[in-house]
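S.K.: Below: sequence and its predicted model.
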Amino acid sequence: MPVATRIRGNRPGAALYAALLSLVVLAATGVVGLLLHQPWLFPSLGPTVMLFFESPQQRASRPLNALVGHGVGLLAGAAVLYGLGLQDDPSAPTGGLTPAYLLAGALSVALTTLVLTWAKTPHPPAGATTLIVSLGILTTPIQLASMAGAIVLITALGWGLNVLLGTRPDQEASP
């Protein structure tokens with residue numbers, strides 16, 4: 001019997017499994033960020049990792065959904081931020097929420113939702129990714145590339161650990 005099946009068979013075991021693997025994956029991602037001096041740890045990674053380990057059979061937890069979801073969120077956030085000319089303004093948390101940032105945030109989440117729903121690749125944490133960008137928190141090309149790298153890394157580590165430990169991501173829940 002796979003390790004994950006034995007551990008996840010009871011509530012305390014499942015909680016410990018999810019918590020420990022979330023710690024490992026986010027710590028590894030954070031170490032890469034420290035080494036590169038780039039923001040490889042940001043808020044939307046937390047819910048993604050929780051989905052991977054708490055409910056790996058959910059459709060939103062699929063690796064494709066995570067990669068496409070965050071990718072669309074990044075692109076939508078950047079398109080709206082740059083499209084509205086906000087890339088050089090102080091971020092909303094620093095300079096305050098302005099009508100332009102309100103529009104940017106709402107529009108980027110709507111665009112992300114539209115694309116992910118149309119493509120049938122739901123991944124709710126992508127809504128946080130698009131806000132991080134559209135509200136001006138991470139905006140430079142190197143920061144956006146770091147976000148993309150972190151997303152790929154947590155997806156590879158998360159699903160690699162699940163498969164290694166016996167979680168069956170190929171037996172996903174139906175849509």
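M.R.: Now that the structure is in, tell me what you want to look at. Residues are numbered from 1 along each chain as shown.
S.K.: pLDDT on the helix or strand containing Phe53, on average?
M.R.: According to DSSP states H and E, Phe53 maps onto helix 45-54. Over the span of helix 45-54, the pLDDT mean works out to 95.
S.K.: Report the distance from it to the chain centre.
M.R.: With C-alpha atoms, centre = their mean, to the nearest Å as the basis, the distance from the averaged C-alpha position of helix 45-54 to the chain average is 8 Å.
S.K.: ok, residues contacting it?
M.R.: The contact list for helix 45-54, computed with C-beta atoms under 8 Å, 6 or more residues apart in numbering, reads 14, 17-18, 21-22, 25-26, 29, 58, 60-61, 66, 70, 123-125, 128, 150-151, 154-155, 158-159, 162. C-beta here means a position set from N, CA and C on the backbone, and glycine is covered the same way.
S.K.: cool, and stretch 121-129?
M.R.: Contacts of stretch 121-129 from elsewhere in the structure, counted by C-beta under 8 Å, 6+ apart, are 42-48, 51, 59-60, 62, 64-66, 68-70, 72-74, 77, 109, 112-113, 116, 147, 151.
S.K.: which residue ranges form the helices in the chain?
M.R.: Remark: helices of the chain, listed N- to C-terminal, are 3-8, 11-36, 45-54, 63-83, 92-95, 99-118, 126-134, 141-164; assignment by DSSP state H.
S.K.: Buried residues of the shortest one, list them for me.
M.R.: So that's helix 92-95. Residues of helix 92-95 classed as buried under the neighbour-count rule (16 or more other C-beta atoms under 10 Å) are Ala92.
S.K.: cool, the fourth one as well?
M.R.: Applying a neighbour-count criterion of 16+ other C-beta under 10 Å, the buried positions in helix 63-83 are 63, 65-81.
S.K.: try the third one
M.R.: Buried positions in helix 45-54, judged by neighbour count with 16+ other C-beta under 10 Å: Leu45, Pro47, Thr48, Val49, Met50, Leu51, Phe52, Phe53, Glu54.
S.K.: what's the angle from it to helix 126-134?
M.R.: Between the axes of helix 45-54 and helix 126-134, defined by axes from the mean of the first three to the mean of the last three C-alpha atoms, to 10 degrees, the angle is 160 degrees.
S.K.: worst-scoring helix or strand of the protein, pLDDT-wise?
M.R.: Evaluated with mean pLDDT, DSSP states H and E, the helix-and-strand set of the chain has its lowest mean pLDDT in helix 3-8, which scores a mean of 52.
S.K.: How many residues are close by Ala18?
M.R.: 20 (other C-beta atoms under 10 Å).
S.K.: no wait, Pro141
M.R.: The local packing count at Pro141 equals 8, with neighbours defined by other C-beta under 10 Å.
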